[in-house]
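Enquirer: missing the sequence, but the structure's below:
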(Lines give C-alpha, C1' and ligand atoms only; values in the text may rest on other atoms or scores of the structure.)
Protein backbone atom coordinates (compact mmCIF):
# COMPACT_ATOMS: atom_id res chain seq x y z
CA UNK A 1 0.00 0.00 0.00
CA UNK A 2 1.51 3.37 -0.93
CA UNK A 3 0.70 7.00 -0.73
CA UNK A 4 0.33 8.91 -3.92
CA UNK A 5 -2.40 11.37 -4.77
CA UNK A 6 -4.04 11.05 -1.32
CA UNK A 7 -0.93 12.21 0.58
CA UNK A 8 -2.12 14.46 3.43
CA UNK A 9 -1.69 18.24 3.50
CA UNK A 10 -0.95 18.91 7.13
CA UNK A 11 0.33 22.41 6.61
CA UNK A 12 -2.01 25.26 7.36
CA UNK A 13 -0.19 27.58 4.96
CA UNK A 14 -2.11 25.95 2.12
CA UNK A 15 -5.36 26.92 3.73
CA UNK A 16 -4.22 30.43 4.51
CA UNK A 17 -3.21 30.94 0.89
CA UNK A 18 -6.63 29.72 -0.22
CA UNK A 19 -8.33 32.12 2.18
CA UNK A 20 -6.22 35.03 0.99
CA UNK A 21 -7.62 34.56 -2.51
CA UNK A 22 -11.27 34.60 -1.38
CA UNK A 23 -13.53 37.66 -1.65
CA UNK A 24 -13.36 39.69 1.53
CA UNK A 25 -17.13 39.66 1.83
CA UNK A 26 -17.05 35.98 2.75
CA UNK A 27 -14.76 36.56 5.72
CA UNK A 28 -15.76 37.80 9.16
CA UNK A 29 -13.23 40.59 9.66
CA UNK A 30 -12.98 40.48 13.45
CA UNK A 31 -13.71 36.82 14.18
CA UNK A 32 -11.25 33.97 14.39
CA UNK A 33 -11.49 30.19 14.68
CA UNK A 34 -8.78 27.60 15.35
CA UNK A 35 -7.54 25.25 12.63
CA UNK A 36 -5.84 21.84 13.02
CA UNK A 37 -5.58 20.13 9.64
CA UNK A 38 -6.16 20.66 5.91
CA UNK A 39 -6.34 17.64 3.66
CA UNK A 40 -7.73 16.71 0.26
CA UNK A 41 -9.19 13.43 1.60
CA UNK A 42 -12.22 14.03 3.83
CA UNK A 43 -12.03 10.66 5.58
CA UNK A 44 -8.54 11.48 6.82
CA UNK A 45 -9.87 14.71 8.34
CA UNK A 46 -12.69 12.79 10.02
CA UNK A 47 -10.19 10.30 11.44
CA UNK A 48 -8.04 13.16 12.68
CA UNK A 49 -11.09 14.84 14.24
CA UNK A 50 -11.60 11.79 16.46
CA UNK A 51 -7.99 12.00 17.69
CA UNK A 52 -8.21 15.74 18.39
CA UNK A 53 -11.58 15.36 20.12
CA UNK A 54 -10.16 12.69 22.45
CA UNK A 55 -7.35 15.03 23.46
CA UNK A 56 -9.32 18.29 23.78
CA UNK A 57 -12.50 16.86 25.32
CA UNK A 58 -16.25 17.35 24.82
CA UNK A 59 -16.21 21.08 25.53
CA UNK A 60 -14.26 21.64 22.32
CA UNK A 61 -15.38 18.64 20.27
CA UNK A 62 -18.99 19.83 20.04
CA UNK A 63 -17.71 22.78 17.96
CA UNK A 64 -15.01 20.83 16.14
CA UNK A 65 -16.16 20.78 12.52
CA UNK A 66 -14.98 19.23 9.28
CA UNK A 67 -15.34 22.03 6.75
CA UNK A 68 -14.85 22.46 3.01
CA UNK A 69 -12.84 25.30 1.54
CA UNK A 70 -11.83 25.52 -2.10
CA UNK A 71 -10.25 22.14 -2.93
CA UNK A 72 -9.57 21.06 0.64
CA UNK A 73 -11.29 19.70 3.71
CA UNK A 74 -10.27 21.15 7.06
CA UNK A 75 -10.70 20.58 10.77
CA UNK A 76 -11.78 23.80 12.51
CA UNK A 77 -12.88 24.73 16.02
CA UNK A 78 -15.64 27.21 15.23
CA UNK A 79 -15.28 29.54 18.21
CA UNK A 80 -15.68 32.86 16.31
CA UNK A 81 -13.80 34.90 18.91
CA UNK A 82 -11.25 37.67 18.63
CA UNK A 83 -7.73 37.27 17.25
CA UNK A 84 -5.94 37.33 20.62
CA UNK A 85 -8.28 34.75 22.11
CA UNK A 86 -7.90 32.44 19.11
CA UNK A 87 -4.11 32.73 19.32
CA UNK A 88 -4.16 31.83 23.03
CA UNK A 89 -6.49 28.87 22.43
CA UNK A 90 -4.25 27.68 19.58
CA UNK A 91 -1.20 27.82 21.85
CA UNK A 92 -2.98 25.87 24.60
CA UNK A 93 -4.28 23.28 22.16
CA UNK A 94 -0.88 22.95 20.49
CA UNK A 95 0.69 22.11 23.84
CA UNK A 96 -1.87 19.36 24.46
CA UNK A 97 -1.84 17.99 20.91
CA UNK A 98 1.93 17.89 20.56
CA UNK A 99 2.19 15.95 23.82
CA UNK A 100 0.20 13.24 22.02
CA UNK A 101 2.24 13.43 18.81
CA UNK A 102 -0.36 15.44 16.86
CA UNK A 103 0.09 18.57 14.78
CA UNK A 104 0.07 22.16 16.03
CA UNK A 105 -3.08 24.30 15.99
CA UNK A 106 -3.24 27.81 14.56
CA UNK A 107 -5.71 30.71 14.52
CA UNK A 108 -7.60 31.22 11.26
CA UNK A 109 -9.99 33.97 10.19
CA UNK A 110 -13.64 32.89 10.46
CA UNK A 111 -15.91 32.60 7.48
CA UNK A 112 -19.19 30.95 6.57
CA UNK A 113 -17.69 27.50 6.50
CA UNK A 114 -19.32 24.93 4.25
CA UNK A 115 -20.10 21.81 6.30
CA UNK A 116 -20.11 18.82 3.93
CA UNK A 117 -22.16 15.78 4.93
CA UNK A 118 -22.45 14.58 8.51
CA UNK A 119 -19.55 15.74 10.70
CA UNK A 120 -20.00 12.82 13.08
CA UNK A 121 -19.32 9.96 10.69
CA UNK A 122 -17.75 9.02 7.37
CA UNK A 123 -20.52 10.36 5.15
CA UNK A 124 -18.34 13.21 3.88
CA UNK A 125 -17.19 12.43 0.35
CA UNK A 126 -13.57 11.36 0.15
CA UNK A 127 -13.29 11.80 -3.60
CA UNK A 128 -9.97 13.05 -4.87
CA UNK A 129 -9.75 16.77 -5.52
CA UNK A 130 -7.15 18.96 -7.11
CA UNK A 131 -4.45 19.95 -4.64
CA UNK A 132 -2.99 23.46 -4.56
CA UNK A 133 0.71 23.35 -3.90
CA UNK A 134 2.81 25.54 -1.67
CA UNK A 135 4.63 28.34 -3.47
CA UNK A 136 8.18 27.50 -4.36
CA UNK A 137 10.73 30.21 -3.64
CA UNK A 138 12.23 31.27 -6.94
CA UNK A 139 15.58 29.83 -7.90
CA UNK A 140 18.12 31.96 -9.68
CA UNK A 141 19.01 31.07 -13.27
CA UNK A 142 22.36 29.68 -12.14
CA UNK A 143 20.69 27.55 -9.46
CA UNK A 144 18.18 26.20 -12.00
CA UNK A 145 20.98 25.26 -14.41
CA UNK A 146 23.06 23.64 -11.69
CA UNK A 147 20.16 21.66 -10.25
CA UNK A 148 19.97 19.82 -13.57
CA UNK A 149 23.71 19.31 -14.07
CA UNK A 150 24.89 18.80 -10.49
CA UNK A 151 22.24 18.17 -7.85
CA UNK A 152 24.66 18.37 -4.92
CA UNK A 153 26.03 21.73 -6.04
CA UNK A 154 22.54 23.05 -6.65
CA UNK A 155 21.43 22.12 -3.13
CA UNK A 156 24.56 23.69 -1.67
CA UNK A 157 24.02 26.88 -3.68
CA UNK A 158 20.44 27.12 -2.48
CA UNK A 159 21.37 26.70 1.20
CA UNK A 160 24.21 29.23 0.90
CA UNK A 161 21.82 31.76 -0.64
CA UNK A 162 19.35 31.28 2.21
CA UNK A 163 22.15 32.06 4.65
CA UNK A 164 23.20 35.16 2.73
CA UNK A 165 19.60 36.37 2.74
CA UNK A 166 19.23 35.68 6.47
CA UNK A 167 16.59 32.98 5.92
CA UNK A 168 18.70 30.46 7.84
CA UNK A 169 20.03 31.69 11.19
CA UNK A 170 23.65 31.49 12.29
CA UNK A 171 22.74 28.93 14.99
CA UNK A 172 21.17 26.57 12.43
CA UNK A 173 23.03 23.78 10.69
CA UNK A 174 21.69 21.58 7.93
CA UNK A 175 22.42 18.14 6.50
CA UNK A 176 21.32 16.54 3.24
CA UNK A 177 21.59 13.24 1.42
CA UNK A 178 20.22 11.85 -1.84
CA UNK A 179 20.80 8.33 -3.16
CA UNK A 180 19.63 7.12 -6.58
CA UNK A 181 18.68 3.43 -6.42
CA UNK A 182 18.57 3.14 -10.21
CA UNK A 183 22.20 4.10 -10.75
CA UNK A 184 23.53 3.27 -7.28
CA UNK A 185 24.96 6.78 -7.01
CA UNK A 186 25.07 9.10 -4.00
CA UNK A 187 24.03 12.42 -5.55
CA UNK A 188 24.04 14.66 -2.47
CA UNK A 189 26.12 14.37 0.68
CA UNK A 190 26.25 17.44 2.93
CA UNK A 191 27.12 17.03 6.62
CA UNK A 192 26.16 13.38 6.25
CA UNK A 193 28.22 12.06 9.15
CA UNK A 194 27.31 14.79 11.64
CA UNK A 195 25.12 13.61 14.52
CA UNK A 196 21.89 15.60 14.55
CA UNK A 197 19.13 15.50 17.13
CA UNK A 198 16.93 12.63 16.03
CA UNK A 199 13.46 13.81 17.12
CA UNK A 200 10.85 11.46 15.58
CA UNK A 201 13.10 10.49 12.68
CA UNK A 202 14.45 7.71 14.88
CA UNK A 203 11.10 5.94 15.23
CA UNK A 204 11.61 3.59 12.25
CA UNK A 205 14.93 2.57 13.88
CA UNK A 206 12.97 1.54 16.98
CA UNK A 207 10.65 -0.47 14.74
CA UNK A 208 13.67 -2.28 13.27
CA UNK A 209 14.92 -3.24 16.75
CA UNK A 210 11.45 -4.53 17.65
CA UNK A 211 11.29 -6.64 14.48
CA UNK A 212 14.76 -8.01 15.22
CA UNK A 213 13.39 -9.39 18.48
CA UNK A 214 10.37 -10.76 16.61
CA UNK A 215 12.74 -12.51 14.20
CA UNK A 216 14.60 -13.98 17.17
CA UNK A 217 11.35 -15.35 18.59
CA UNK A 218 11.50 -13.02 21.63
CA UNK A 219 8.45 -10.94 20.70
CA UNK A 220 5.24 -11.47 18.75
CA UNK A 221 3.95 -8.98 16.20
CA UNK A 222 0.22 -9.18 16.85
CA UNK A 223 -2.77 -6.87 16.66
CA UNK A 224 -1.73 -4.81 19.70
CA UNK A 225 1.86 -4.27 18.60
CA UNK A 226 0.72 -3.58 15.03
CA UNK A 227 -1.66 -0.90 16.34
CA UNK A 228 1.11 0.76 18.35
CA UNK A 229 3.51 0.49 15.43
CA UNK A 230 1.06 2.23 13.10
CA UNK A 231 0.47 4.98 15.64
CA UNK A 232 4.21 5.40 16.11
CA UNK A 233 5.08 5.67 12.41
CA UNK A 234 1.92 7.03 10.79
CA UNK A 235 0.81 9.45 13.51
CA UNK A 236 4.15 9.86 15.32
CA UNK A 237 2.39 9.03 18.59
CA UNK A 238 4.88 9.35 21.44
CA UNK A 239 3.02 7.09 23.86
CA UNK A 240 3.02 4.28 21.29
CA UNK A 241 6.69 4.97 20.58
CA UNK A 242 7.53 4.49 24.23
CA UNK A 243 5.44 1.29 24.31
CA UNK A 244 7.34 -0.18 21.34
CA UNK A 245 10.65 0.95 22.86
CA UNK A 246 9.83 -0.78 26.15
CA UNK A 247 8.99 -4.01 24.32
CA UNK A 248 12.39 -3.85 22.64
CA UNK A 249 14.09 -3.42 26.03
CA UNK A 250 14.42 0.36 26.36
CA UNK A 251 16.42 3.02 24.46
CA UNK A 252 19.87 1.62 25.29
CA UNK A 253 18.76 -1.90 24.35
CA UNK A 254 17.44 -0.61 21.02
CA UNK A 255 20.81 1.00 20.28
CA UNK A 256 22.64 -2.14 21.36
CA UNK A 257 20.53 -4.37 19.10
CA UNK A 258 20.99 -2.11 16.11
CA UNK A 259 24.74 -1.62 16.45
CA UNK A 260 25.56 -5.21 17.41
CA UNK A 261 23.53 -6.90 14.69
CA UNK A 262 23.51 -4.28 11.92
CA UNK A 263 26.82 -2.41 12.30
CA UNK A 264 26.95 -1.63 8.58
CA UNK A 265 23.84 0.52 8.94
CA UNK A 266 23.84 2.03 12.44
CA UNK A 267 27.22 3.67 12.99
CA UNK A 268 26.36 7.10 14.36
CA UNK A 269 23.11 6.46 16.22
CA UNK A 270 22.87 7.29 19.93
CA UNK A 271 19.64 6.45 21.81
CA UNK A 272 19.39 7.33 25.49
CA UNK A 273 15.85 8.48 26.24
CA UNK A 274 12.19 7.67 25.88
CA UNK A 275 10.06 10.47 24.40
CA UNK A 276 9.26 12.87 27.29
CA UNK A 277 5.65 13.70 28.11
CA UNK A 278 6.02 17.16 26.54
CA UNK A 279 7.48 15.67 23.36
CA UNK A 280 10.74 17.60 23.76
CA UNK A 281 13.21 14.88 22.89
CA UNK A 282 16.66 16.41 22.34
CA UNK A 283 19.13 13.77 23.54
CA UNK A 284 18.68 11.01 20.97
CA UNK A 285 20.97 11.53 17.99
CA UNK A 286 21.73 9.99 14.62
CA UNK A 287 23.55 10.92 11.45
CA UNK A 288 22.01 11.47 8.04
CA UNK A 289 24.34 8.73 6.79
CA UNK A 290 22.66 6.27 9.18
CA UNK A 291 19.23 7.30 7.86
CA UNK A 292 20.49 6.82 4.31
CA UNK A 293 21.90 3.37 5.02
CA UNK A 294 18.71 2.44 6.86
CA UNK A 295 16.48 3.45 3.94
CA UNK A 296 18.69 1.44 1.60
CA UNK A 297 18.41 -1.61 3.88
CA UNK A 298 14.64 -1.23 4.09
CA UNK A 299 14.26 -0.84 0.32
CA UNK A 300 16.45 -3.88 -0.42
CA UNK A 301 14.86 -5.77 2.49
CA UNK A 302 18.17 -6.37 4.23
CA UNK A 303 16.84 -5.65 7.70
CA UNK A 304 14.17 -7.45 9.80
CA UNK A 305 10.61 -6.31 9.19
CA UNK A 306 11.59 -4.37 6.06
CA UNK A 307 8.33 -5.04 4.23
CA UNK A 308 6.24 -4.02 7.21
CA UNK A 309 8.40 -0.93 7.81
CA UNK A 310 7.86 0.06 4.16
CA UNK A 311 4.12 -0.39 4.60
CA UNK A 312 4.12 1.68 7.76
CA UNK A 313 6.17 4.45 6.16
CA UNK A 314 3.80 4.52 3.18
CA UNK A 315 0.64 5.09 5.25
CA UNK A 316 -0.99 8.54 4.86
CA UNK A 317 0.80 11.01 7.09
CA UNK A 318 2.74 14.26 7.08
CA UNK A 319 5.78 14.80 4.89
CA UNK A 320 8.11 17.54 3.67
CA UNK A 321 9.52 15.89 0.54
CA UNK A 322 6.38 15.41 -1.59
CA UNK A 323 3.31 17.29 -0.33
CA UNK A 324 3.62 20.91 -1.43
CA UNK A 325 6.69 20.16 -3.59
CA UNK A 326 4.86 20.96 -6.79
CA UNK A 327 7.57 19.82 -9.22
CA UNK A 328 7.22 16.19 -8.11
CA UNK A 329 4.56 14.41 -10.17
CA UNK A 330 1.33 13.08 -8.78
CA UNK A 331 1.35 9.33 -8.45
CA UNK A 332 4.77 9.28 -6.82
CA UNK A 333 5.03 6.62 -4.12
CA UNK A 334 6.24 8.00 -0.80
CA UNK A 335 7.80 6.18 2.17
CA UNK A 336 8.88 8.63 4.84
CA UNK A 337 9.13 9.75 8.47
CA UNK A 338 9.27 13.34 9.65
CA UNK A 339 10.86 14.73 12.80
CA UNK A 340 9.74 17.96 14.49
CA UNK A 341 10.74 19.76 17.66
CA UNK A 342 11.43 23.41 18.47
CA UNK A 343 15.05 22.66 17.51
CA UNK A 344 14.73 20.16 14.65
CA UNK A 345 12.85 20.06 11.37
CA UNK A 346 13.55 16.98 9.27
CA UNK A 347 12.29 14.37 6.89
CA UNK A 348 13.78 11.15 5.59
CA UNK A 349 12.17 9.08 2.92
CA UNK A 350 12.09 7.34 -0.42
CA UNK A 351 10.35 8.86 -3.44
CA UNK A 352 9.49 6.36 -6.18
CA UNK A 353 8.59 8.32 -9.31
CA UNK A 354 7.19 6.85 -12.50
CA UNK A 355 8.76 7.62 -15.87
CA UNK A 356 6.99 7.88 -19.19
CA UNK A 357 8.38 4.42 -19.96
CA UNK A 358 6.22 3.04 -17.14
CA UNK A 359 9.24 2.17 -14.98
CA UNK A 360 9.72 3.38 -11.41
CA UNK A 361 12.80 5.35 -10.38
CA UNK A 362 13.28 5.29 -6.58
CA UNK A 363 15.61 7.63 -4.73
CA UNK A 364 16.09 8.80 -1.15
CA UNK A 365 15.80 12.38 0.11
CA UNK A 366 16.95 13.20 3.64
CA UNK A 367 17.04 16.72 5.02
CA UNK A 368 17.53 18.01 8.56
CA UNK A 369 17.66 21.56 9.88
CA UNK A 370 18.81 21.78 13.50
CA UNK A 371 18.75 24.90 15.69
CA UNK A 372 20.97 25.30 18.76
CA UNK A 373 18.31 27.14 20.75
CA UNK A 374 14.59 26.43 20.69
CA UNK A 375 12.68 28.55 18.20
CA UNK A 376 10.67 31.32 19.85
CA UNK A 377 7.71 30.70 17.56
CA UNK A 378 7.60 26.97 16.89
CA UNK A 379 4.80 27.06 14.31
CA UNK A 380 6.38 29.80 12.17
CA UNK A 381 9.83 28.23 12.35
CA UNK A 382 8.74 24.68 11.54
CA UNK A 383 6.67 25.84 8.56
CA UNK A 384 9.42 27.94 7.04
CA UNK A 385 12.04 25.21 7.48
CA UNK A 386 9.61 22.62 6.10
CA UNK A 387 9.39 24.77 2.98
CA UNK A 388 13.18 24.75 2.71
CA UNK A 389 13.13 20.95 2.68
CA UNK A 390 10.36 21.01 0.05
CA UNK A 391 12.40 23.31 -2.16
CA UNK A 392 15.41 21.03 -1.85
CA UNK A 393 13.17 18.09 -2.79
CA UNK A 394 12.07 20.05 -5.87
CA UNK A 395 15.70 20.69 -6.81
CA UNK A 396 16.52 17.01 -6.40
CA UNK A 397 13.58 15.89 -8.53
CA UNK A 398 14.55 18.23 -11.38
CA UNK A 399 18.00 16.68 -11.44
CA UNK A 400 16.65 13.13 -11.21
CA UNK A 401 14.18 13.86 -14.02
CA UNK A 402 16.98 15.05 -16.29
CA UNK A 403 19.27 12.15 -15.42
CA UNK A 404 16.58 9.58 -16.26
CA UNK A 405 14.72 11.53 -18.96
CA UNK A 406 11.50 11.62 -16.97
CA UNK A 407 9.95 14.48 -18.95
CA UNK A 408 6.30 13.84 -19.52
CA UNK A 409 5.74 11.98 -16.24
CA UNK A 410 2.03 11.62 -15.59
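Expert: Nice, I can see it. Model, not experiment: these values are computed from the prediction. Numbering: from 1, shown residues only.
Enquirer: And the strands in the protein?
Expert: Under the criterion DSSP state E, the chain contains strands at 27-39, 64-69, 72-81, 106-111, 172-180, 185-190, 195-197, 285-287, 333-340, 344-354, 360-371.
Enquirer: Ok, which of these comes nearest residue 156?
Expert: Across the strands of the chain, residue 156 has its closest neighbour in strand 185-190 (6.4 Å, CB to CB). Backbone N, C-alpha and C define where each C-beta goes, glycine included.
Enquirer: Show me what the closest one is packed up against.
Expert: Helices and strands touching strand 185-190, by 3 or more CB pairs under 8 Å, 6 or more residues apart in numbering; DSSP states H and E, are helix 151-164, strand 172-180, helix 378-403.
Enquirer: As TSV, those with mean neighbour count, distance to residue 369 and mean pLDDT would be great.
Expert: Listed next are those as TSV, based on neighbours: other CB atoms under 10 Å; distance: least, CB to CB, whole Å; pLDDT from 0 to 100:
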stretch	mean neighbour count	distance to residue 369	mean pLDDT
helix 151-164	18	9	94
strand 172-180	22	5	97
helix 378-403	22	5	94
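Enquirer: For residue 203, which of these is the nearest?
Expert: Nearest of these (CB to CB): helix 378-403, 17.5 Å.
Enquirer: Distance to residue 198 for the helices and strands packed on strand 185-190 - can I get that in TSV?
Expert: Output for those, formatted as TSV (distance: least, CB to CB, whole Å):
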stretch	distance to residue 198
helix 151-164	21
strand 172-180	12
helix 378-403	16
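Enquirer: Compare those and give me the one nearest residue 350.
Expert: Among these, strand 172-180 comes nearest to residue 350, with 9.1 Å by CB to CB.
Enquirer: Show the contacting residues for residue 394.
Expert: Applying CB atoms under 8 Å, 6 or more residues apart in numbering, we find residue 394 in contact with 136, 325-328.
Enquirer: pLDDT wise, what is the closest residue to residue 268 other than its chain neighbours at?
Expert: Sequence neighbours aside, residue 287 is the residue nearest to residue 268 in space, at 3.6 Å (criterion: CB to CB, 6 or more residues apart in numbering). With respect to pLDDT, residue 287 has a value of 96.
Enquirer: Next: residue 256.
Expert: Residue 256 carries a pLDDT value of 97.
Enquirer: and it, what does it touch?
Expert: Listed by CB under 8 Å, 6+ apart, the contact set of residue 256 reads residue 249.
Enquirer: so what's the closest residue in space to residue 191 that isn't next to it in sequence bridging to?
Expert: With CB to CB, 6+ apart as the measure, residue 175 is the residue that lies nearest to residue 191, at 3.8 Å, once sequence neighbours are left out. In this entry, residue 175 is beta-bridged to residue 368, by DSSP bridges.
Enquirer: before we move on, back to that, do you know which of the helices and strands packed on strand 185-190 lies nearest residue 62?
Expert: When the helices and strands packed on strand 185-190 are ranked by proximity to residue 62 (CB to CB), helix 378-403 comes first, at 25.3 Å.
Enquirer: Below-threshold pLDDT in the stretch 1-150 of the chain: ranges please.
Expert: The stretch 1-150 of the chain contains residues with pLDDT under 70 at 1-29, 40, 70-71, 101, 117-149.
Enquirer: same thing with the stretch 301-410 of the chain?
Expert: 407-410.
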